[in-house]
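Chemist: predicted model, plus sequence, below.
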Amino acid sequence: MAETELGNRMIEVAERDRLPGDHPLRILAEKFNEAVESGDSRRLLGSWARARRAWCNYTGEPLI
């Protein structure tokens, strides 16, 4: 599976905070990394947007 900076940070925070396996942060990180590996640009963009929104919602980091 491809690894991305955003996906890795999401997984690290999920591990640190002991989030369950079905937490959106974990699921969306995995889907984003899979989309990067697939090479499908539409899938990649959609997965990045969902992962980024989940990251921002969880951490409080500004979306833009």
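Modeler: Nice, I can see it.

Chemist: what's the helix or strand for the closest residue to residue 20 other than its chain neighbours?
Modeler: Of all residues not flanking residue 20 in the chain, residue 26 sits nearest, at 7.8 Å (C-beta to C-beta, 6 or more residues apart in numbering). Placement of C-beta: from N, CA and C, glycine included. Residue 26 belongs to helix 24-38 when assigned by DSSP states H and E.

Chemist: pull out the buried positions in stretch 34-43.
Modeler: Applying a neighbour-count criterion of 16 or more other C-beta atoms under 10 Å, one finds 35-36 buried in stretch 34-43.

Chemist: that stretch: end-to-end distance?
Modeler: Stretch 34-43 has an end-to-end distance of 9 Å (C-alpha to C-alpha, to the nearest Å).

Chemist: still on that earlier bit, any idea which helix or strand comes after the helix holding residue 26?
Modeler: Following helix 24-38 in sequence, per DSSP H and E, is helix 41-59.

Chemist: show me what that following helix is packed up against.
Modeler: Helix 41-59 is packed against helix 5-16, helix 24-38, with contacts defined by 3 or more C-beta pairs under 8 Å, 6 or more residues apart in numbering; DSSP states H and E.

Chemist: now do the buried residues in it.
Modeler: 44, 47-48, 50-52, 54-55, 58.

Chemist: ok, now stretch 6-14?
Modeler: Neighbour-count burial for stretch 6-14 flags 6-7, 10-11, 13-14 (criterion: 16+ other C-beta under 10 Å).

Chemist: residues making contact with it?
Modeler: For stretch 6-14, the external contacting residues (C-beta atoms under 8 Å, 6 or more residues apart in numbering) are 19, 23, 25-26, 28-30, 32-33, 36, 48, 51-52, 54-55, 58-59.
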